[in-house]
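**Q** Quick one, fold the following:
(one chain, ligands or ions: 1)
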Amino acid sequence: MATETENKPVVAGEEEKKVEAPAVEAAAAAAPAAADKPAEAAAAAGGGDTAADKKPEEKADAAPAAGGEGGDGATSSDAAAAPAKKEKEMKPTVHKANFEKDVVYLYQFTRTPMLPSISPFCLKVETWLRLAGLKYENIDHKLKLRSKKGQLPFVEVNGEEIADSTIIMQELATRYDKDLDAALTQEQRNIAHAMISMLENHLVWVVLSWRSKNTEQMLKGYKINLQHALGSRLPNALLNFFFKFQFSRKGAKKVKAQGLGVHKPEEIEEFGRKDLKVLSELLADKPFFFGDEPTTLDCVAFSVLAQIHFILDEVKYGLKEFMQENCPNLVGHVSRIKERCFPDWEDICTKLDLNAHIPKPEPETKENKEGADTEKTAEQDKNESEKELEKDNSNEKSEKKEEPEKVVEENKEKEEAAAK
Ligand SMILES: N[C@@H](CCC(=O)N[C@@H](CS)C(=O)NCC(=O)O)C(=O)O
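**A** Numbers count the residues shown, from 1 in each chain. Here you go, the predicted model:
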């Protein structure tokens, strides 16, 4: 169900509660306040299904994006309601109210220390935007927002939302004349279509299946800090607990519904290996799938292969080992796209900076501070979240120390009460 606030324009960076808490029955009974947020991370990581998932598209489409008017077929009985309706329709339905013309505002997953996004679809769009050379800005929404279709990623351009990674890329390519596949033959386009379908409708699910069965390993493997990802002050131990609960349950359900989930883990991994082998043979010794320049298929392949490749070595992950041993050309491909599209990878992963590609404004002097816009700058946001991250990490350390003692004490009290 949609919340009432969902269609109001919201300035990026504002505190907001956009996504309703999903039903995490048992968990919610234990700690209702904590139960909603890890679910957002679980969902965005591909395993959950939030209330936002169920939003009907029509709901938000009722009002035109940036002040357009409907009005077709209006009758006289509609006339009385017209001013109110018109006013409602005039309201932009985008979150970024003070947008700059032709800047693409990207709503995606929060950064992780291992790779820019653990959502292949989000990483694909950002990689494509960089390859296409379009001006874009990530919006730090702490996983609170979803598109009108209920998913991430989505973008807003000139006051209009575009959802779904494939549709975003197609639409922007048309609008800004950035077809990365312009030089491909029809046969190459057909191959690309089939490969992209394999990657997104099969290999991604192989990855999600592993994640849903290995939540602990996943959090460790991508060094996910849920406090940072969700902008929460709750202890990571608690967030992790709910995340694991939510992600494994919902993720497994989704993978089963997709069809893959009925198989044994080793069978699923074997399916993944076959996909990797096919990709590896198609790439052969070329730098990119269709020659010297990357195309859409390179973006998609990178966004999925990066999920497999950029996982901590200490975490045992069969597909990564297989890729390293049997498909070194795919590893080379991942490195090439990384170097070409993400020269700021280090900054992104160490500072968890969503906008490492945007030059930071000069620090404010006393003079230019007066009368300055009150909206937070990306730099301020970043500094605040860095400080919070540091603070949260140190909190986590002390919580870790205190927690076992607290549990022992609580158990002791319970035992004493039971003895009485
Ligand atoms: N077909 C979509 C798939 C996107 C998708 O599956 N996104 C996931 C995260 S990876 C999602 O938003 N799940 C629901 C949620 O986070 O609430 C696309 O290409 O953009």
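
**Q** Surely Ile191 and Glu281 touch.
**A** No. If you go by C-beta atoms under 8 Å, Ile191 and Glu281 don't touch, sitting 11.9 Å apart. (C-beta placed from N, C-alpha, C; glycine too.)

**Q** Neighbour count for these two, which is higher?
**A** Ile191 (16 against 10; other C-beta atoms under 10 Å).

**Q** Surely the more buried one is in a helix?
**A** Yes. The assignment for Ile191 is a helix, going by DSSP: H, G, I helix; E, B strand; the rest coil.

**Q** Strands along the protein, start to end?
**A** In the chain, the strands defined using DSSP state E lie at 104-107, 136-139, 154-157, 160-163.

**Q** Just say which of the ones you listed is most tucked in.
**A** Sort the strands of the chain by mean neighbour count, taking mean count of other C-beta atoms under 10 Å, and strand 154-157 sits at the top with a mean of 26.

**Q** So it, near the ligand or not?
**A** No. Residues of strand 154-157 contacting the ligand under C-beta under 6 Å from any ligand atom: none, with a closest distance of 7.8 Å.

**Q** Local confidence estimate at the residue lying closest to Gly231 once chain neighbours are set aside?
**A** Of all residues not flanking Gly231 in the chain, Lys142 sits nearest, at 3.7 Å (C-beta to C-beta, 6 or more residues apart in numbering). Per-residue pLDDT puts Lys142 at 94.

**Q** Over to the one 5 residues further on?
**A** Looking at Ser147, its pLDDT stands at 98.

**Q** start the count at 21, not 1, going forward
**A** New numbering, starting at 21: the last item is Ser167.

**Q** Can you tell me which residues in the stretch 71-220 of the chain are near the ligand?
**A** Residues of the stretch 71-220 of the chain lying near the ligand by C-beta under 6 Å from any ligand atom: 72-73, 139, 141, 166, 171-173, 184-186.

**Q** same thing but at 8 Å, please
**A** The stretch 71-220 of the chain comes close to the ligand at residues 72-73, 129, 139-142, 144-145, 163, 166-167, 169-174, 183-188, 220, as judged by C-beta under 8 Å from any ligand atom.

**Q** Mind checking which of these are buried?
**A** 72-73, 129, 139-142, 144-145, 163, 166-167, 169-174, 183-185, 188, 220 (16 or more other C-beta atoms under 10 Å).

**Q** For the stretch 71-220 of the chain, give me the ranges with low pLDDT.
**A** 71-112 (pLDDT under 70).

**Q** Surely Arg253 is in contact with Leu246?
**A** No. The criterion here is C-beta under 8 Å, and Arg253 misses it with Leu246 at 11.2 Å.

**Q** which one of these two has more residues nearby?
**A** Leu246 (26 against 11).

**Q** How about the contacts made by that one?
**A** 57-58, 61, 239, 252, 256, 259-260, 263 (C-beta atoms under 8 Å, 6 or more residues apart in numbering).

**Q** all helices of the stretch 321-440 of the chain, in order?
**A** 338-346, 348-361, 365-371, 386-389, 398-439 (DSSP state H, counting those that start in this stretch).

**Q** comparing these, which gets the lowest mean pLDDT score?
**A** helix 398-439 (a mean of 49).

**Q** where are the low-confidence patches of the stretch 221-370 of the chain?
**A** Ranges of the stretch 221-370 of the chain meeting pLDDT under 70: none found.

**Q** need the residues of it near the ligand, please.
**A** Remark: no part of the stretch 221-370 of the chain is in contact with the ligand, using C-beta under 8 Å from any ligand atom.

**Q** Redo the contacts of Leu246 as a markdown table? Include neighbour count and distance to Ser229.
**A** Output for the contacts of Leu246, formatted as a markdown table (neighbours: other C-beta atoms under 10 Å; distance: C-beta to C-beta, whole Å):
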| residue | neighbour count | distance to Ser229 |
| --- | --- | --- |
| Lys57 | 26 | 24 |
| Pro58 | 28 | 20 |
| Ala61 | 27 | 18 |
| Leu239 | 23 | 17 |
| Ser252 | 23 | 27 |
| Asn256 | 21 | 25 |
| Leu259 | 24 | 23 |
| Asn260 | 20 | 20 |
| Phe263 | 28 | 17 |
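
**Q** Among those residues, which are located in helices?
**A** Of the positions in the contacts of Leu246, 57-58, 61, 239, 256, 259-260, 263 sit in helices, assigned by DSSP state H.

**Q** Next, give me the two most distant ones among these.
**A** The distance between the two most remote of these (C-beta to C-beta) is 14.5 Å, for Lys57 and Leu239.

**Q** circling back: now do the same contact list for the residue nearest to Gly251.
**A** 130, 249-251.

**Q** can you pick the most crowded of those residues?
**A** Ranked by neighbour count under the definition other C-beta under 10 Å, those are headed by Thr130 with 26 neighbours.

**Q** quick one: that one and Leu372 touch, right?
**A** Yes. The criterion here is C-beta under 8 Å, and Thr130 meets it with Leu372 at 7.2 Å.
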